[in-house]
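> with the input below, show me the fold.
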Amino acid sequence: MNNGHTKTGSHFPGKVRGTLAFALVVLSTFTVPTQAHDILPASAQTSAILFKNATIHTAVDGVKADSDLLIENGKIMAIGKALAAPEAAIYDASGRHIYPGLIALDTSLGLVEVEMMRPSNDSREVGEINPQLEALTAFNPDSEIIPTVRVNGITHAQIVPQGDSLAGQSALVSLDSWTVEDAIVQTKAAFHLYWPRLKSLSSETKKREEQRKEYRQQVAKVTEAFTDGYRYYLAHKSGAKTKLDMRWQSMLPLFRGEAQLFVHASTQKQIEEAAALAKHYQFKLVIVGGYDAWRLADLLNEIDAKVIYTRTLSLPMRKDEPIEMSFKIPALLNQAQIPFALGFSSDWNSRNLPLAAGQTVAYGLSKEEALKSVTLDAAKILGVEDMGAIAVGYKANLIISGGDILDPMVTKIEKVYIDGRDVDLNNRQQQLYQKYLKR
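Below is the predicted model:
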């Protein structure tokens, strides 16, 4: 299960500190030559910028044609027609589209460089019950993959630990930063549980019973872990705790209602069992995967659960389902009034997030709903209130495009701004393309 290093603890004040394992993460960052790009992070915004005559896709207040947008100090200051800002630099955006920066959910960006190279793959850890582990401690802001993803308009990513049970905590990061500390976007703590999966049952009775027994044992381990964590919480709350256990100590915000539990589950059975666990402890639940979530609208809406749907470009899960089933599920979630966002569970392949959102438009979502699913709704699921939309007071995370960002054939992204900073869109792929043009 171990892919080369560990993510134990954190190097930030007031949190669990790493040991030799984190040193291995740092060491691998500097010893694997493919892990550091040479593109400088953008400088902080020093002067206001006024975008003129653009089509602005706000993700919160519709589409505004032939409108102006003013940003200053990394924030959106004004939206309207014929805006005036004498001190601002003018950007003529006639014929251009301005979108909010896209937020990629459920990724391993910065955790994986080359999947088959153990020293450059730090997406998971040994063991099954590791709530204290933080993906952020292994994040590499110099990853060569990051510039190849943000060129498609992705400005932020949720980096998520992988595992077989309680895998650790995720974080939201900016995709243009010098250091891990620069990259962090503050969110609520987010714990990730990979619910056990009952694989296709064997036709042999004995083998089938063994599979079911193994599944029940795996679920029992999950239940036992949360029972132990809850007992620790009660002891801590009453002042009776005598022994420090970093696993359960890290879970205190979850039991206090200050964190969210992200459960990776796709089938109806998995989702029902995850919802029962969340309801028992009154956790704030987010289902990741969520293939069958639309079938359980009453259950999920009863506990205010949310869904990150990750299979938009996948084949159906079952052989007897229509070929377009995976494409239709976002529209079914929308019809069921389940709050959801789109994710793309990958590292380099998360660049296809806008394509996945565009696919949903052909199968029931409106363009505005599809855009929200990878911007505003994604931010809301993570508990961020000033990202994912073009509105006054929001962070100036912007995409300037010559065409529809949800259609890769016409997108033509020209500029990406993160917190008002003009990000360099160069990347290794473009460098290699230019190199071999000269051969």
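> for the spatially most central residue of the chain, grab phi and psi.
Centroid check for the chain by Cα atoms, centre = their mean gives L105 as the closest residue, at 1.9 Å. Backbone geometry at L105, expressed as degrees, to the nearest 10, gives phi -100, psi 150.
> ok, it - contacts?
157-158, 288, 308, 310, 341-344, 378, 381-382 (Cβ atoms under 8 Å, 6 or more residues apart in numbering). C-beta: built from backbone N, CA, C; applies to glycine.
> again, 10 Å this time
Taking Cβ atoms under 10 Å, 6 or more residues apart in numbering, we find L105 in contact with 156-158, 160, 170, 172, 262, 286, 288, 308-310, 341-345, 350, 353, 373-374, 377-379, 381-382.
> and the nearest residue to it once chain neighbours are set aside, how many neighbours?
Residue nearest to L105 in three dimensions, not counting chain neighbours: G343, with 3.6 Å by Cβ to Cβ, 6 or more residues apart in numbering. Per other Cβ atoms under 10 Å, the neighbour tally for G343 reads 29.
> quick check: G343 touching S373?
Yes. With contacts counted by Cβ atoms under 10 Å, G343 reaches S373, the gap being 9.5 Å.
> which residues do these two both contact?
By the contact definition Cβ under 10 Å, 6+ apart, G343 and S373 are jointly contacted by 103, 105, 308-309, 312, 353, 356.
> in helices, which of these fall?
Among the shared contacts of G343 and S373, DSSP state H puts 353, 356 in helices.
> dump the shared contacts of G343 and S373 into JSON lines; add distance to T411 as well.
Output for the shared contacts of G343 and S373, formatted as JSON lines (distance: Cβ to Cβ, whole Å):
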{"residue": "I103", "distance to T411": "17"}
{"residue": "L105", "distance to T411": "20"}
{"residue": "I308", "distance to T411": "23"}
{"residue": "Y309", "distance to T411": "22"}
{"residue": "T312", "distance to T411": "17"}
{"residue": "L353", "distance to T411": "12"}
{"residue": "A356", "distance to T411": "14"}
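> re earlier: buried ones among the contacts of L105?
Burial by neighbour count, 16 or more other Cβ atoms under 10 Å: within the contacts of L105 this picks out 156-158, 160, 170, 172, 262, 286, 288, 308-310, 341-345, 350, 353, 373-374, 377-379, 381-382.
> among the residues you listed, which lie within helices?
Going by DSSP H, the helices hold 353, 373, 377-379, 381 from these.
> can you redo these as TSV with pLDDT and distance to Y91?
Shown next, in TSV, are these (pLDDT from 0 to 100; distance: Cβ to Cβ, whole Å):
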residue	pLDDT	distance to Y91
L353	96	25
S373	98	28
D377	98	28
A378	98	26
A379	98	25
I381	97	31
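> and of the residues you listed, the nearest to I90?
Using Cβ to Cβ, A379 is the member of those that lies nearest I90, at 29.0 Å.
> quick one, what contacts the residue nearest to the closest one when sequence neighbours are not counted?
By the measure of Cβ to Cβ, 6+ apart, the closest residue to A379 outside its immediate chain neighbours is G388, 3.3 Å from it. Taking Cβ under 10 Å, 6+ apart, we find G388 in contact with 59-60, 100-103, 155-156, 341, 371-372, 374-382, 394-395, 397.
> report the secondary structure state of G388.
Taken by DSSP: H, G, I helix; E, B strand; the rest coil, the conformation at G388 corresponds to coil.
> and it, how far from F191?
To F191, G388 is 22 Å away according to Cβ to Cβ, to the nearest Å.
> looking at the ones in helices among the buried ones among the contacts of L105, which is nearest E125?
For those, the residue nearest E125 by Cβ to Cβ is I381; the value is 24.5 Å.
> what residues does the closest one make contact with?
By Cβ under 10 Å, 6+ apart, the contact set of I381 is 103, 105, 158, 187, 190, 260, 262, 286, 288, 306-308, 339-341, 343, 388.
> one more: D38?
142, 144, 147, 426, 428, 431.
> now with 7 Å, please.
Applying Cβ atoms under 7 Å, 6 or more residues apart in numbering, one finds that D38 lies in contact with no residue.
> any idea whether it is helix, strand or coil?
Applying three-state DSSP: D38 is coil.
> so which bits of the strand or helix carrying L300 are buried?
Using DSSP states H and E, L300 sits in helix 297-302. The neighbour-count check on helix 297-302 (16+ other Cβ under 10 Å) flags 299-300 as buried.
> that helix - contacts with which helices or strands?
helix 268-281 (3 or more Cβ pairs under 7 Å, 6 or more residues apart in numbering; DSSP states H and E).
> how about residues contacting the helix it packs on?
So helix 268-281 is contacted by 195, 197-198, 219, 226, 230, 255, 261, 263, 265, 285, 287, 292-293, 295-296, 299-300, 303, 305 (Cβ under 7 Å, 6+ apart).
> just stretch 417-425 next, same as before
With Cβ under 7 Å, 6+ apart, stretch 417-425 has contacts from 39-40, 42-45, 71, 73-74, 101, 150-151, 155, 174, 176, 395-398, 415-416.
> which of the residues you listed are buried?
Those of the contacts of stretch 417-425 that meet the buried threshold are 39, 42, 45, 71, 101, 150-151, 155, 174, 176, 395-398, 415-416, by 16+ other Cβ under 10 Å.
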